[in-house]
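Enquirer: only the shape, not the letters, is given here:
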């Protein structure tokens, strides 16, 4: 038995080393796995309605493609334009802070921050110019490198192809993996896989829908108020809501500053607070109970650590996989903790005391 565990450990170590070695080429495959996992339940439902697997997968694949293409064509250009306008307006904001806010702070506290703000504004303007020059030179260099461009295009082209075939054979792959498990491991493995599927479903499907809905609510509300960069701020706040309360804190802070600087009226802050308060109400009353419940079980600190650790270890691929892997790790840790609480190691002291008290 011990020898079997050594073999399993060695195989796992070699597999981990292999994945780390080929990390630069894994990104399109992991993206395809996530898309296939998200689309498989819909394909199964269409298949249950009498469609063939290939036709069901083709319809799901077409739907995913339309959503991605529409997002790239409609939302991304608007976000990019608003981001550029926001960056261009930051020096003006810093000047306003230096001329309006700093004197009030100085009169109340006696602190002179004008020099620091002025240095910050100058540093931002200088670095922004240098960043633009660096980005232009980098783009020119990449454009001259045909191999880099070809690799980038090839990775993007692989995603739809791999996604289609994974969707087509998803159930077959799952059945083969289950059939390859050692028979005495299968019950525990199937149980863990079921719990991981619940957590991943709640996160990848539920949490993403919650983030999207909050982003739309914030963006529409801020836009109706007439706040500049409403779409950008709303979507960023929706993305930040992956960590509980972070989205509303970031969104209301940035939107409040932008709105007050734009209108110069304290009443606009009440409108901004109303938008984010309505979003929080919808999340707590409708979105969270209906889509998530208590299935994820990831602490906000664990979410932050997982994203940072994944990015540090595997770059962008690690960021993509950080939270799904963290969710599965939490399931395994809960399983191990349950076994530990039922083991003789945990209960040894109580058992020994019971034996000593027994006649």
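Expert: Structure's in. What do you need? Because the structure is predicted, anything quoted here is derived from the model rather than measured.
Enquirer: got the domain ranges for this protein?
Expert: Per automatic domain parsing, the structural domains of the chain span 23-179, 186-340.
Enquirer: pick the most buried one from those.
Expert: domain 186-340 (a mean of 17; mean count of other Cβ atoms under 10 Å). C-betas here are computed from N, CA, C, even on glycine.
Enquirer: now do it, average pLDDT.
Expert: The predicted model gives domain 186-340 an average pLDDT of 80.
Enquirer: now the domains of the chain in CSV, with distance to residue 13?
Expert: Below are these laid out as CSV (distance: least, Cβ to Cβ, whole Å):
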stretch, distance to residue 13
domain 23-179, 16
domain 186-340, 16
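Enquirer: skip the chain neighbours and tell me the closest residue to residue 205.
Expert: Leaving out its chain neighbours, the residue that sits closest to residue 205 by Cβ to Cβ, 6 or more residues apart in numbering is residue 38, at 6.4 Å.
Enquirer: related to what we said a few turns ago, residue 12 is nearest to which of the domains of the chain?
Expert: domain 186-340 (13.1 Å; Cβ to Cβ).
Enquirer: now the terminal residues of that closest one, how far apart.
Expert: Domain 186-340 has its terminal residues 20 Å apart, counting by Cα to Cα, to the nearest Å.
Enquirer: hmm, who's touching stretch 263-273?
Expert: 222, 225-227, 252, 255-256, 259-260, 262 (Cβ atoms under 8 Å, 6 or more residues apart in numbering).
Enquirer: where's the residue nearest to residue 287 when sequence neighbours are not counted, which helix or strand?
Expert: When the adjacent residues along the chain are set aside, residue 287 lies closest to residue 210, with 4.7 Å between them (Cβ to Cβ, 6+ apart). Element membership for residue 210 (DSSP states H and E) is helix 208-225.
Enquirer: immediately after that helix, which helix or strand?
Expert: helix 230-240.
Enquirer: ok, which of the domains of the chain comes nearest residue 9?
Expert: With Cβ to Cβ as the yardstick, what comes closest out of the domains of the chain is domain 186-340 (15.4 Å).
Enquirer: and stretch 63-74, how far out from the chain middle?
Expert: 19 Å (Cα atoms, centre = their mean, to the nearest Å).
Enquirer: then stretch 192-203?
Expert: 16 Å.
Enquirer: ok, stretch 309-326 next?
Expert: So, by Cα atoms, centre = their mean, the centroid of stretch 309-326 is 10 Å from its chain's centroid.
Enquirer: stretch 239-249 too?
Expert: 11 Å.
Enquirer: for it, measure first residue to last.
Expert: 12 Å.
Enquirer: which residues touch it?
Expert: Here stretch 239-249 has contacts from 207, 210-211, 214-215, 237-238, 250-251, 276, 279-280, 283, 300, 303-304, 323, using Cβ under 8 Å, 6+ apart.
Enquirer: go on, stretch 321-331?
Expert: Residues from elsewhere that reach stretch 321-331 (Cβ under 8 Å, 6+ apart): 30, 34, 192, 195-196, 199-200, 203-204, 242, 296-298, 302-303, 306-307, 309-311, 314.
Enquirer: apply 7 Å and report the result again.
Expert: 30, 192, 195-196, 199-200, 203-204, 296-298, 302-303, 306-307, 309-310 (Cβ atoms under 7 Å, 6 or more residues apart in numbering).
Enquirer: among those, which lie within strands?
Expert: Among those, none falls in strands (DSSP state E).
Enquirer: out of those residues, which are inside helices?
Expert: Per DSSP state H, helices hold the following members of the contacts of stretch 321-331: 30, 192, 195-196, 199-200, 302-303, 306-307, 309-310.
Enquirer: which one of those residues is nearest residue 168?
Expert: residue 30 (18.2 Å).
Enquirer: and the pLDDT for that closest one?
Expert: So residue 30 comes in at 80 (pLDDT).
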